[in-house]
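Peer 1: The sequence and its predicted three-dimensional model are supplied below.
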Amino acid sequence: MLYWLSELSDGGDLFNLFRYITFRAGAAFFTALIFGFIFGRPLINALRRRYAKGQPIREDGPAHHIATKAGTPTMGGLLILAALTLSTLLWARLDNGFVWIVLGVTVAFGLIGLADDWAKVSRQTTAGLSGKLRLALGFVIAAVASIAASALHPDDLTLQLAVPVFKDVLINLGYVFIPFAMIVIVGSANAVNLTDGLDGLAIMPVMIAAATLGVIAYAVGRVDFTEYLDVHYVPGTGELLVFCAGLIGGGLGFLWYNAPPAAVFMGDTGSLALGGALGAIAVATKHEIVLAIVGGLFVAEAMSVIIQVLYFKRTGKRVFLMAPIHHHFEKKGWAEPQVVIRFWIISLILALIGLATLKLR
């Protein structure tokens, strides 16, 4: 919104700064961060008053979770969503379709998560909304976003799957691209949701992935960068850097309260929203495959659950001591901070590999 202040510029004054995506991205970051610091504690106190028993803890999980995490309020994702939405509306160009698509996916998945969290805390059960209902709603949202994003893509990229490294390769999926993009968005949302099981575990990899995708969005949205990097030009995606900066600022504000021992959990409100956002950005920028690299940790978490379920149904035995895989390492004797920090390191390495695809050929 504040971009329009640039119309007051004569080309050499303060108002001219509002033209630059990088300036507005920095402003979005600090806006979201300060919002998180200011409103984090009041939100936590309000959640404690309203839902005194906090988030129900899985009885089949690691034994120490019941003792250390019981009573911790959930729905802390509201803090991230509010900070992210405010900073995006203030600092992004609101005439940019990609901004509305990604923000819409984020808020919509956040509402699904909020309903799920509310069902859990109000009934004091680990079973929230029906899994089928959550998936159905998610796929409807993803379908709308995928169709809208495809309509904004250049003609030569519409319904095409871009292949990283082999940058001259485009796979024409035709209308199959829409269900593929839907799976990317819904899969990303649920993969982040599965990762959110330890204090600080999900939010840092989400911020790392958002930073990576923000750089990619900025690069593919500038024709001079795409010519140098030899990647596909997608006009308008550069504005998503502002959204990603707001996500990182809001995420850091939340992490201040989510650092072990967590004062609040993000809940499905945050994890579904942030995962959906990453998937939507990947679809918008035509970097769906790169998302699987950058978000490799989320992929591993989701795959561990799928493998565990399928193998158990077939053999009655388990591959992992417990799924998702972060619980497997807890069962192996890793302390919670060890799991969290080592997974952060893995996320950073994967992000650097994802960035490297911009220049590799």
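Peer 2: That came through, no problem. All of these numbers come straight from a predicted model, not from anything done at the bench. Residues are numbered from 1 along each chain as shown.

Peer 1: the strands in the chain, which residues?
Peer 2: Assigned by DSSP state E, the chain shows strands spanning 160-162, 170-172.

Peer 1: The first one pairs with which strands?
Peer 2: Strand 160-162 has its sheet partners listed here by DSSP bridges as strand 170-172 (antiparallel).

Peer 1: so who does the closest residue to V144 other than its chain neighbours touch?
Peer 2: Nearest residue to V144, sequence neighbours excluded (C-beta to C-beta, 6 or more residues apart in numbering): G104, at 7.9 Å. The C-beta positions use only the backbone N, C-alpha and C, and glycine is treated the same way. Neighbouring residues of G104 by C-beta atoms under 8 Å, 6 or more residues apart in numbering: I141, V144, A145.

Peer 1: since we're on the first one, how many residues are nearby?
Peer 2: For I141, the neighbour count with other C-beta atoms under 10 Å is 23.

Peer 1: ok, the closest residue to N258 other than its chain neighbours to G174 distance?
Peer 2: Distances taken as C-beta to C-beta, 6+ apart place G200 nearest to N258, at 5.5 Å, with adjacent residues excluded. According to C-beta to C-beta, to the nearest Å, G200 stands 42 Å off from G174.

Peer 1: These two - which one has more neighbours?
Peer 2: It is G200, of G200 and G174, that has more neighbours when counted by other C-beta under 10 Å, with 21 against 8.

Peer 1: can you give me phi and psi for that one?
Peer 2: phi 80, psi 0 (degrees, to the nearest 10).

Peer 1: Is Y233 in contact with A219, as I believe?
Peer 2: No: contact criterion C-beta atoms under 8 Å: Y233 and A219 do not qualify, at 9.7 Å.

Peer 1: These two: which is more packed in?
Peer 2: Ranked by neighbour count (other C-beta under 10 Å), Y233 and A219 place A219 first, with 22 against 18.

Peer 1: Hmm, the more buried one is touching F225, no?
Peer 2: Yes: with contact defined as C-beta under 8 Å, A219 and F225 form a contacting pair (4.5 Å).

Peer 1: Common neighbours of those two, please.
Peer 2: Joint contacts of A219 and F225 (C-beta under 8 Å, 6+ apart) are V231.

Peer 1: pLDDT below threshold where in the stretch 101-250 of the chain?
Peer 2: Applying pLDDT under 70 to the stretch 101-250 of the chain flags no residue at all.

Peer 1: mind redoing it with 90?
Peer 2: Scanning the stretch 101-250 of the chain with the threshold set as pLDDT under 90 gives 119-131, 165-169, 197, 227-231.

Peer 1: picking that back up, next, show the common contact partners of Y233 and A219.
Peer 2: T226.

Peer 1: how near is the residue nearest to V144 to G110?
Peer 2: Distance of G104 to G110, computed by C-beta to C-beta: 11 Å.

Peer 1: do the same with V223
Peer 2: With C-beta to C-beta as the criterion, V223 and G110 are 33 Å apart.

Peer 1: the more surrounded of the two?
Peer 2: G110 (28 against 10).

Peer 1: which residues does that one contact?
Peer 2: Per C-beta under 8 Å, 6+ apart, neighbours of G110: G77, L78, L81, T269, G270, L272, A273.

Peer 1: for F298, same thing?
Peer 2: By C-beta under 8 Å, 6+ apart, the contact set of F298 is S188, A191, V192, L194, T195, P205, A209, G275.

Peer 1: got TSV for the contacts of G104, with distance to G253 too?
Peer 2: Formatted as TSV, these follow (distance: C-beta to C-beta, whole Å):
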residue	distance to G253
I141	25
V144	29
A145	26
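
Peer 1: Just give me the closest of those residues to K167.
Peer 2: Closest approach to K167 among the contacts of G104 (C-beta to C-beta): A145, at 25.0 Å.

Peer 1: Quick check, the closest one in contact with V107.
Peer 2: No: with contact defined as C-beta under 8 Å, A145 does not count as touching V107 (11.5 Å).

Peer 1: mind listing what A127 touches?
Peer 2: So A127 contacts A119, K120 (C-beta under 8 Å, 6+ apart).

Peer 1: Please report how far it lies from V309.
Peer 2: Separation of A127 from V309 (C-beta to C-beta): 17 Å.

Peer 1: what's the answer for A292, then?
Peer 2: Separation of A292 from V309 (C-beta to C-beta): 21 Å.

Peer 1: now the end-to-end length of stretch 189-201.
Peer 2: End-to-end span of stretch 189-201 (C-alpha to C-alpha, to the nearest Å): 15 Å.
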